[in-house]
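Asker: Sequence and computational prediction follow.
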Amino acid sequence: MTSERTLRREVVCPFCGLACDDLAIERDGERLRLREGGCGRSREHFERPPQSAAPRIAGQPTDLSAAIARAADLLRGSRLPLFAGLGTDVDGVRAAMRLADRLGGVVDHLGADALFRNLRVVQDAGWVVTTLSEVRNHMDLLLVIGPDPSADYPRFVERCVRPDRTLYLDKPPERPVIRIGPPSAAEAEGLGAETVLPCAVDRLPEVTAALRALVNGGGPAASEIAGIPADRLRDVAQRLRAARYGVVAWAAARFDFTAAELTVQTLAAMVQDLNRTTRCSLLPLTGNDNLIGANQVCLWQCGSPLRTGFGRGVPAHDPHLLSARRLLDAGEADALVWISAFRAVTPPAASGVPTVVLATPDTALEPPPEVFIPVGTPGLDHAGQFFRMDTVVSLPLSALRESGLPSVAGVLRQIEQAIPAVRSRSE
């Protein structure tokens, strides 16, 4: 008996913030094959075999209803439950927000550190940003600050920097690409920058400050900055001023160094300076694991970004105090719900904190959490919504196979229904 093969086109890939929507996926029974579009990462995830796994309580197999009942018991007795990871679709985030609101919990995303390095700059000084479509159709110069982003966003060059065609041209001219950051052995296969100015990541604050000064006609007296000849930085500044639509991009998750926020602030100010005489925009590359979708849901549900808590009876936002890592390290959270439905991400160490894990079946869990419920992946096992990194587009995810795994939203709703009464937050 042969299984029927079907081909689905215009499939959205939810495995990085680009959310490419041009994939063709063939289904043969419950196995999927990437036939057109995509990258190595999307092939890895779409073609991974369907996995079956039973829910577990303290490492012992059980059924879904028993696991849900145990999770409900843990959360009902918690005074400050933490809903973290949040790697799920829009519906899953909404369900987590609703349960956190009911129980007086806190919500945070595994990519929030990178998000808040950017958001604090927006809050303090504002910035000029662009979209992926604008980059594809209008950009004529790209400056990348920091590490090559191709490992995190494999099709960025193909889709946005050097596309086969744009909205206006079938064969767009070559766009110069400049990168200031640590050398990459795979540069030619990745970003393919024509100019690379080698610079250690922790020296980027002084280099970007010097570049901004050069853009404004000033500049350092030294002949070099962080090992980069001043004349080469001066050339970059001149090319930014001469560009008709320059774009300054960086991989936000890779900006993990002292004064990273100051570097983003300097770039934002430099782009504002350039817009006095030409057109230039920022492009923060981010959004993996539906980070942008999680933040958007939080904004429209309660009026504040991620790292919001509900213990006071009203939403309270604090990007430092309500960080998942800080709450766990300080012993303030007394229950953890870890959610990672797009990929296998091990929950953070939380010694002594009862943990409920809603994650893909292949997630490594040692020691075993109190409750593990394997869930389906949005865009493979069930339909959903995913926000692209530039925040302007929410894309539909398709159900491509029938794995039998529940969605994060479905599990969280059942947990909520299993908690019979809303306790007083003052108890």
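Answerer: Now that the structure is in, tell me what you want to look at. Residues are numbered from 1 along each chain as shown.
Asker: rest of the way, CA atoms for contacts and neighbours
Answerer: Noted.
Asker: separation between Ala324 and Arg94?
Answerer: Ala324 sits at a distance of 18 Å from Arg94 (criterion: Cα to Cα, to the nearest Å).
Asker: Who has more neighbours out of the two?
Answerer: More neighbours surround Ala324 than the other of Ala324 and Arg94, with 26 against 18 (other Cα atoms under 10 Å).
Asker: ok, now which ones touch the more buried one?
Answerer: Counting by Cα atoms under 8 Å, 6 or more residues apart in numbering, Ala324 makes contact with 82, 84, 107-108, 307.
Asker: For the helix or strand of the chain with the lowest mean pLDDT, give me every contacting residue.
Answerer: The weakest-scoring helix or strand in the chain, judged by mean pLDDT, DSSP states H and E, is helix 112-125 (a mean of 88). Helix 112-125 is contacted from outside by 127, 252-256, 260-261, 264-265, 268, 284, 286, 291, 306, 319, using Cα under 8 Å, 6+ apart.
Asker: if you average pLDDT over the helix or strand following it, what comes out?
Answerer: Once helix 112-125 ends, the next helix or strand along the chain (criterion: DSSP states H and E) is helix 132-138. Averaged over helix 132-138, pLDDT sits at 96.
Asker: Tell me the gap between the next helix or strand after helix 132-138 and the middle of its chain.
Answerer: Later in the chain than helix 132-138, the nearest helix or strand by DSSP H and E is strand 141-145. Centre-to-centre, strand 141-145 and its host chain are 20 Å apart (Cα atoms, centre = their mean, to the nearest Å).
Asker: Strand 141-145 - contacts with which helices or strands?
Answerer: Applying 3 or more Cα pairs under 8 Å, 6 or more residues apart in numbering; DSSP states H and E, we find strand 141-145 packed against strand 177-181, strand 246-251.
Asker: And the strands in the stretch 1-150 of the chain?
Answerer: All strands of the stretch 1-150 of the chain, identified by DSSP state E, counting those that start in this stretch, fall at 5-11, 23-28, 31-36, 56-57, 60-61, 81-87, 106-107, 141-145.
Asker: can I see the domain layout of this structure?
Answerer: When the chain is parsed with automatic domain parsing, its domains come out as 5-42, 54-113+289-417, 129-274.
Asker: most packed of the ones you listed?
Answerer: domain 54-113+289-417 (a mean of 21; mean count of other Cα atoms under 10 Å).
Asker: Just the terminal-to-terminal distance for that domain.
Answerer: End-to-end span of domain 54-113+289-417 (Cα to Cα): 21 Å.
Asker: any chance of the domains of the chain in a markdown table, with distance to Val122 too?
Answerer: Shown next, in a markdown table, are the domains of the chain (distance: least, Cα to Cα, whole Å):
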| stretch | distance to Val122 |
| --- | --- |
| domain 5-42 | 20 |
| domain 54-113+289-417 | 12 |
| domain 129-274 | 9 |
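Asker: how close does Thr363 sit to Arg27?
Answerer: 24 Å.
Asker: mind listing the helices in the stretch 251-400 of the chain by residue range?
Answerer: All helices of the stretch 251-400 of the chain, identified by DSSP state H, counting those that start in this stretch, fall at 260-274, 291-302, 324-329.
Asker: Ala24: what's it in contact with?
Answerer: Shown in contact with Ala24 (Cα under 8 Å, 6+ apart): 7-11, 34-37.
Asker: and which of the residues you listed is nearest Thr195?
Answerer: Gly37 (28.1 Å; Cα to Cα).
Asker: Quick check: the closest one touching Cys13?
Answerer: No: using Cα atoms under 8 Å as the test, Gly37 is too far from Cys13 to be in contact (9.9 Å).
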